[in-house]
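In: Sequence and predicted structure below; questions after.
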Amino acid sequence: MALMVLKTLETMGPQHGYGIARRIEQISGGRLELNYGSVYPALLRLEQEGAIRSEWGVSQNNRKAKYYRITRTGQKQLRKELASWEETSAIVARFLTAGEETP
């Protein structure tokens with residue numbers, strides 16, 4: 001979840017929690033349906049870690065909303081998360097194709 005949130009903020013700029021969740025759902029092609037019980041704890045944890053900062057603003061619906069933005073610490077964390085994801089994906093790919101090689 002952290003990787004998706006940080007990448008969304010890097011790409012889209014400051015967003016409120018609802019906007020982050022909708023963007024992740026959009027990018028997933030509707031395969032991920034996020035509820036607020038998963039998004040907001042991730043936002044809180046990332047903010048406590050210093051990866052994102054928040055400030056209050058007004059949403060497009062003219063409502064008070066907390067907007068999040070990625071910090072320099074968050075940029076570094078994003079790079080680490082991406083590298084970890086790539087490594088994990090490569091390991092899983094090797095595992096799934098193991099035994100398919102010809103001797």
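Out: Noted; the coordinates are in hand.

In: Let me know the secondary structure of residue 68.
Out: strand (DSSP: H, G, I helix; E, B strand; the rest coil).

In: Helix or strand for residue 48, just tell me which one.
Out: helix 36-49 (DSSP states H and E).

In: contacting residues around the helix or strand in which residue 54 is found?
Out: Residue 54 belongs to strand 52-58 when assigned by DSSP H and E. Residues outside strand 52-58 that contact it (Cβ atoms under 8 Å, 6 or more residues apart in numbering) are 5-6, 9, 14, 16, 43, 46-47, 64-71, 74. For glycine as for every other residue, the C-beta is placed from the backbone atoms N, C-alpha and C.

In: Does anything pack onto the lengthiest helix in the chain? Which helices or strands?
Out: As assigned by DSSP state H, the longest helix anywhere in the chain is helix 72-97. Packing partners of helix 72-97 (3 or more Cβ pairs under 8 Å, 6 or more residues apart in numbering; DSSP states H and E): helix 2-12, helix 36-49.

In: now the angle between helix 72-97 and the last one, please.
Out: Angle, helix 36-49 to helix 72-97, by axes from the mean of the first three to the mean of the last three Cα atoms, to 10 degrees: 130 degrees.
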